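In: Okay, predicted coordinates and the sequence, questions at the end:
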Amino acid sequence: KNQVEQSPQSLIILEGKNCTLQCNYTVSPFSNLRWYKQDTGRGPVSLTIMTFSENTKSNGRYTATLDADTKQSSLHITASQLSDSASYICVVTPYNTDKLIFGTGTRLQVFP
Amino acid sequence: GAGVSQTPSNKVTEKGKYVELRCDPISGHTALYWYRQSLGQGPEFLIYFQGTGAADDSGLPNDRFFAVRPEGSVSTLKIQRTERGDSAVYLCASSPGGVGSYNEQFFGPGTRLTVL
């Protein structure tokens, strides 16, 4: 069983709409939780990093939330743009290591 | 350059051959990481270095895989007797700090390895 699971696997939305991506993890204890954006054929790019004690972190139109009690995180994208089309990957860092554990990602497609 | 670079961008080889993949981290970054990403999956950890030493190599799948970072900067991932199952994108990342710190990892574009 994957230690970091994401849903949905894929999502199609219209430009301008909002969406929320989900992440459930079992990694415990952990240092931080990250959301990455990965364009096709490119390496992942960090969007947000939250420590275990943080509940929310924003980066422009991206807002991540974290509930360490239920081991859930979400990434909310506001007013989507065509350039938001990419895979979004939830990543958890176990305590006292830099060995990132990646989810399988949500493939987002934004259509005009 | 400002970012992590990887060469080659694409590598096609035949089953049984030896390959080397290179990573140039961001200047001054002490930590360097290798990941492998299969189609439709998230990256999987292979190994990471603090300086010249491998701090954790627990993700290397078997002894055909080996990585070095002799001078604490450039790293080479070496794969012997390649198999078709080794086909994947190999990603490299670097970060400025050490274990357990709140460090962002900056990724390169990856090397796409295809074993025929």
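Out: The structure has been received and is ready for your questions. Numbering: from 1, shown residues only, chains lettered A, B, ... in the order given.
In: contacts, neighbours, all on C-alpha from now
Out: Noted.
In: what are the bridge partners for the closest residue in space to residue B:36 that isn't next to it in sequence, then?
Out: Nearest residue to residue B:36 in three dimensions, chain neighbours excluded: residue B:90, at 4.5 Å (C-alpha to C-alpha, 6 or more residues apart in numbering or on different chains). Beta-bridge pairing of residue B:90 under DSSP bridges involves residue B:36, residue B:111.
In: ok, residue B:90 touching residue B:39?
Out: No - taking C-alpha atoms under 8 Å as the definition, residue B:90 is not a contact partner of residue B:39, at 11.3 Å.
In: who's more crowded, these two?
Out: Set residue B:90 next to residue B:39 and count neighbours by other C-alpha atoms under 10 Å in any protein chain shown: residue B:90 wins out with 27 against 9.
In: contacting residues around the residue nearest to residue B:36?
Out: Residue B:90 is in contact with B:34-37, B:110-113, counting by C-alpha atoms under 8 Å, 6 or more residues apart in numbering or on different chains.
In: which residue is nearest the middle of chain B?
Out: The centroid of chain B falls nearest to residue B:34 when counting by C-alpha atoms, centre = their mean (3.0 Å).
In: tally of neighbours for residue B:66?
Out: Applying other C-alpha under 10 Å, we find 17 residues neighbouring residue B:66.
In: What mean pLDDT does stretch A:32-45 get?
Out: For stretch A:32-45, mean pLDDT rounds to 92.
In: what are the phi and psi angles of residue A:83?
Out: As for residue A:83, its main-chain torsions (degrees, to the nearest 10) stand at phi -70, psi -10.
In: Could I get the full set of strands for the chain?
Out: No chain specified, so I'll use chain A. Applying DSSP state E to chain A gives strands spanning A:4-7, A:10-14, A:19-25, A:30-38, A:45-51, A:56-59, A:62-67, A:72-77, A:86-94, A:101-102, A:106-111.
In: if you could check chain B rather than the one you did, that'd help
Out: If DSSP E is used as the criterion, the strands of chain B fall at B:5-7, B:10-13, B:19-24, B:31-37, B:44-50, B:53-56, B:65-68, B:75-79, B:88-95, B:106-107, B:111-115.
In: can you redo those as CSV with distance to residue A:60 and mean pLDDT?
Out: Shown next, in CSV, are these (distance: least, C-alpha to C-alpha, whole Å; pLDDT from 0 to 100):
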stretch, distance to residue A:60, mean pLDDT
strand B:5-7, 27, 96
strand B:10-13, 34, 97
strand B:19-24, 30, 98
strand B:31-37, 28, 95
strand B:44-50, 28, 93
strand B:53-56, 35, 88
strand B:65-68, 38, 96
strand B:75-79, 34, 97
strand B:88-95, 23, 95
strand B:106-107, 19, 93
strand B:111-115, 30, 97
